[in-house]
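In: Please find the sequence and the predicted model below.
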Amino acid sequence: MAAEIHRVTIGGVSTACVSRNDLVDLMLVDSKSHNVARPRLLFDINGHGLAMSLFDKKYREDLNAADIIHADGQPLVTASKILTKSPVPERSATTDLFHDVAEAAQRSGKTFFLFGGSQEIVTACAQKMQRLYPSLVIVGMRNGYFSATEEADVCNEINASGADIVWVGLGKPKEQAFCVRNRERISAEWLVTCGGCFNYVTGSYARAPVWMQRTGTEWMHRMITQPRKLLWRYLSTTPIALFLLLARTGDQIKPGRTAGA
């Protein structure tokens, strides 16, 4: 399934050329016709992730283990439109995708497990999603605080819930590492990284104005509204991400073809 998706390299990362609707279809419609032994991994990539992938080898390896990597950052989409022949059609912000999939899951019957953040936040997120999408089935939730010795219990809790889609909000690089480590012992259909999505759903983190989301300056809003947490991150990673977007973005060679074909 994932192998049929066209990809381009953005900032050095193989990124799927898919829209939000494409991702919803893959997760909720197309999944019915595929019998896969392990969960499929859907990871996001943004400027912060690009910079991290340059210096953190383990994160880069975990990221590359994904079945699908989607562009959760408007600058990545813009770079693909300027520097590739088959650009990513639109940004698929994880918070927006979360709502898209929830809306469609009401009709398909696919179930959610929310994993990450504080217990207060994940509980509030589940409650708000149930108000917004009354027919959505959330079969379980759990905070993101656990020790290495508790990880097997976390996986058992997820499996016992019978969830189809597990939203993993542990933040980079922990969420990617968790998904890769446990893809053989979790029985869900999808493991989806979602960072601080639950915080945005509850309103504890504010989304940037739409014009900033569309112009690729949402990171500035986040930096200003969460300076203690994000000021140094964005000041240190944004120049690196811009360099990678310019230097390592381009079309990928199709399978079965050589560079001279």
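Out: Perfect, thanks for sending it.
In: what's near enough to touch His70?
Out: Counting by C-beta atoms under 8 Å, 6 or more residues apart in numbering, His70 makes contact with 15-16, 18, 23, 42-45, 92, 97. To be clear about C-beta, it is placed using only N, CA and C from the backbone, and glycine gets the same treatment.
In: So which of those residues sit within helices?
Out: 23, 97 (DSSP state H).
In: Out of the contacts of His70, flag the one nearest to Gln226.
Out: When these are ranked by distance to Gln226 (C-beta to C-beta), Asp44 comes first, at 18.4 Å.
In: The closest one contacts Cys179, doesn't it?
Out: No: counting by C-beta atoms under 8 Å, Asp44 does not reach Cys179; the two are 11.6 Å apart.
In: shared neighbours of those two, anything?
Out: Thr193.
In: need the contact list for the most centrally placed residue in the chain.
Out: Nearest to the mean C-alpha position of the chain, by C-alpha atoms, centre = their mean, lies Asp44 at 3.2 Å. The contact partners of Asp44, taken as C-beta under 8 Å, 6+ apart, are 69-72, 92, 94, 193-195.
In: try 10 Å
Out: 15, 63, 66, 68-73, 92-94, 97, 172, 175-176, 192-195, 197 (C-beta atoms under 10 Å, 6 or more residues apart in numbering).
In: Show me where the stretch 151-261 of the chain has its strands.
Out: 165-169, 190-193, 250-251 (DSSP state E, counting those that start in this stretch).
In: possible to save those as JSON lines with distance to Ala102?
Out: Below are the strands of the stretch 151-261 of the chain laid out as JSON lines (distance: least, C-beta to C-beta, whole Å):
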{"stretch": "strand 165-169", "distance to Ala102": "10"}
{"stretch": "strand 190-193", "distance to Ala102": "12"}
{"stretch": "strand 250-251", "distance to Ala102": "34"}
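In: which one of the ones you listed lies closest to Gly117?
Out: Closest among the strands of the stretch 151-261 of the chain, using C-beta to C-beta: strand 165-169, at 5.5 Å.
In: Now do the buried residues in the closest one.
Out: Within strand 165-169, the residues scored as buried using 16 or more other C-beta atoms under 10 Å are 165-169.
In: Now do the residue lying closest to Ser135 once chain neighbours are set aside, the pLDDT please.
Out: Excluding the flanking residues, the one nearest Ser135 by C-beta to C-beta, 6 or more residues apart in numbering is Gln106, at 3.9 Å. Per-residue confidence (pLDDT) for Gln106: 96.
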